[in-house]
Each structure stands twice: as C-alpha cells, then as structure tokens.
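[1] 3D, please:
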Amino acid sequence: MTVWITGANGFIGRSLARALADRGHTVHGVGHGALEDPQKHRIGLQLWLNGEIDATNLNALAARGGLPSTIFHLAGGSSVGQSIAQPFEDFSRTVASTARLLEWLRSSAPECRLIVASSAAVYGAEHKGPISERAATVPMSPYGQHKLMMEQLCRSYAVTFGLHSTVARLFSVYGPHLRKQLLWDLCSRLHGGEQVLTLGGTGAEVRDWTDVRDVARLLVMIEGQPQRESFQVINGGSGVGTTVADIACMLSEAWGGDIAVRFSGVVRPGDPFSLVADGTQMRALSFAWQIPVTQGLADYVAWFKDQVR
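    Numbering: from 1, shown residues only. Presented below is the predicted three-dimensional model:
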C-alpha cells in the first residue's frame, strides 16, 4: 500500500513515516527541508520531494511513485506564538496548502483517503474538563482559527465532492526530536546551568500530554479502520490532564539536581487554561495509549542530553 505524508520531515511526520514503513507500507513524502538518502531511508521514506504542497509537486510525486491510497496531511503551522507573530504565514502554511491539496485530490485522486492532523486549539478556552468532539469550537489564536478553517475545507470537499477525510485533533504532542516549546525550553535552560526556572503562566494550566510515538500509532490505527462517513473527527488525546507545574517538576526530576520552578502569573495570549480530551470515541476504536508521561519525559531528557554531548 502506498501512502504519502505531507510534512514528513517534521516532528510528527518523521515518527509517522517510520511507523508506517515498519508496517510494510510504501511511504513517500512532500514538504520542506532537504533530506539526504541515508536520512530519508532512516526515517522510512522511499521518495521525498522538497517543496510546497501544490499541484506541480503532487503531480511530480505521483509520476515517480504512483497515486497514493491514503495521504496523511501533517504540513501546516505548528506554533500559537508563531501564528500571532506571523498570521499570514501561518494561514498560508495551514489553510492555503490544504486548499491546494484538496483541489488536487478532487481532480487527480478522488478515491484517496485523507487523514488530517488538526489541533485541540480549535476548541479554545470555554471548556472545563474533558472535551468531546461535539464540543463548540471557539479558537482563541490564529493557529486555532486556521486549523478550524482547514477542517471546514475538508468537510466542504467531503459534502460537495465526496472526498473522504478524517480529522485527528491532536492534543499536546511531545517527544524526542521536538526542538521547540516548553520541554525544549526547559531542557535548554537546565543545560545552561539555571537552578531556578521561572515560567510564564500560573502553572495550573492543564494539558493532555501525548508522546509522539503513541500519536504515530494512533494515526496508523485510524488509517487501518474503515471510514463509514465521508467526514469524521476524532480527538487525539489520552483523556489524562497534567498541569504545567507538574510537567516542569517531573522534567526537573528526570534531569537530576535540586531545581526550583516558579511561575510569573502572566498568561500567554492565545493560551486556553485547560485542554483535555474526552477519549470516548477513541476507546471505542480499542486504541490504548502506552507511554505514560513520566516515561515520556524521562525519554525526552535522555534524548536531549544525547543531542548536546
């Protein structure tokens, strides 16, 4: 079976490509970043096209490797802060690229299934406790707004043209090879010798932390399930909430040493207080998360220290 991954050179894309290749899929990718052959093969990619998600490149990839049965669409914006600093860039990466991909699918591969990585940011700040897929979507950042626009485009092409797509709303994905966001920042500061970590926010903010290796398994599992409706949404979260303060403490313990963690109380714009998944729909698919947060953080610290030796 031939599958494509847009954004296969990214943080989640690399883990997904490896997981798919290990299961015997032929995996091709398109997106930004140069990949030498040894690196490409280590990830699990047979073909890699460095460029935009547009008809020219998609046609070129099809000419080299044939049409795919499934496309995992992972390309797009990946940061709330970056979306606020450069909103049009985030729009182009997330919304415009999805529109070009859907239009190519409509004309060139209408039988291909699309699995799209969206974000819990589409839910926004108006929710307490676990959030189901039926909850209202009220994003509070350009990042969340653009992910919701992407989902609406997929729904539109499903309703009007019959394209089959599944949206996976991923929650707080972390793991080895993530070189930004909270965990990377904390490890970088600890590596720099800081003994007192002062972080933004209150520390009471709650997130549903999911290891990228589990997320890759989840996306593979979705691809293996029959899709009864042309458009569907599923939460990609464990249903277990952990505060930022607890994450910082657990990471500090994994790092080792006597490290104090404090919070400024200043909440970052665009950050909801709580984002935890209601995992009812996922449990119905018999998917089980395997990597607890404590193990995932220990693995992340070990990976980081290996990078800076």
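
[2] helix, strand or coil for Glu89?
    Under the three-state scheme (DSSP: H, G, I helix; E, B strand; the rest coil), the conformation of Glu89 reads as helix.

[3] From Gly224, how far off is it?
    Going from Glu89 to Gly224 by Cβ to Cβ, to the nearest Å gives 34 Å. Yep, even glycine has a C-beta here, placed from its N, CA and C like the rest.

[4] Excluding residues flanking it in the chain, which one is nearest Ala260?
    With sequence-adjacent residues excluded and distances taken as Cβ to Cβ, 6 or more residues apart in numbering, Ala260 is closest to Val196, at 4.7 Å.

[5] re the thing from before, and Glu89 and Gly224? Which one has more around it.
    Glu89 (13 against 10; other Cβ atoms under 10 Å).

[6] circling back to that earlier point, contacts only, for the residue nearest to Ala260.
    Residues in contact with Val196 (Cβ atoms under 8 Å, 6 or more residues apart in numbering) are 259-262.

[7] Likewise for Pro68?
    Contacts of Pro68 were listed using Cβ under 8 Å, 6+ apart, and they are 2-4, 28, 62, 109, 112.

[8] just these now: which is nearest Asp246?
    Proximity of these to Asp246 (Cβ to Cβ) peaks at Val3, which lies at 36.7 Å.

[9] can you give me phi and psi for the nearest residue to the closest one once chain neighbours are set aside?
    Distances taken as Cβ to Cβ, 6+ apart put Thr70 closest to Val3, at 4.6 Å, once the chain neighbours are dropped. Note on Thr70: its backbone torsions stand at phi -140, psi 140 [degrees, to the nearest 10].

[10] I'd like to know how many residues surround Thr70.
    Neighbour count of Thr70, defined by other Cβ under 10 Å: 20.

[11] Surely Ala99 forms part of a helix?
    Yes - going by three-state DSSP, the assignment for Ala99 places it inside a helix.

[12] That one and Leu105: what is the separation?
    When distances are taken as Cβ to Cβ, Ala99 and Leu105 turn out to be 11 Å apart.

[13] Give me the contacts around stretch 41-48.
    Against stretch 41-48 from outside (Cβ under 8 Å, 6+ apart): 5, 8-9, 14, 17-22, 26-30, 35, 40, 61, 64-65.

[14] for stretch 76-94, same thing?
    Stretch 76-94 is contacted by residues 7, 10-11, 75, 97-98, 117, 121, 141-144, 146-147, 149-150, 180-181, 268-271 when judged by Cβ under 8 Å, 6+ apart.

[15] Can you give me the end-to-end span of that stretch?
    4 Å (Cα to Cα, to the nearest Å).

[16] do stretch 82-92 as well
    Separation of the first and last residues of stretch 82-92 by Cα to Cα is 13 Å.

[17] where do the strands sit along the stretch 151-300 of the chain?
    Counting by DSSP state E, counting those that start in this stretch, the stretch 151-300 of the chain has strands at residues 165-170, 172-174, 196-199, 206-207, 209-211, 231-236, 242-243, 260-263, 274-275.

[18] Pull up the pairing partners for the last one, direction included.
    To tie it back to what came earlier, the one meant is strand 274-275. For strand 274-275, the paired strands and their directions (DSSP bridges) read strand 206-207 (parallel).

[19] Inside helices: which ones of the contacts of Pro68?
    Among the contacts of Pro68, the members found in helices (DSSP state H) are Ala62.

[20] What about the contacts of Pro68, which one has the most neighbours?
    With neighbours set by other Cβ under 10 Å, the maximum within the contacts of Pro68 is found at Trp4, which has 28 neighbours.

[21] hang on, Trp48 is in a strand, isn't it?
    Yes - judged by three-state DSSP, Trp48 forms part of a strand.

[22] Go through the lengthiest helix in the chain and flag the buried ones.
    Of all the elements of type helix in the chain, the one with the most residues (DSSP H) is helix 142-161. Buried positions in helix 142-161, judged by neighbour count with 16 or more other Cβ atoms under 10 Å: 142-151, 153-155, 157-158.

[23] residue ranges with poor pLDDT in the stretch 1-150 of the chain?
    Applying pLDDT under 70 to the predicted model, the stretch 1-150 of the chain contains no residue that meets it.
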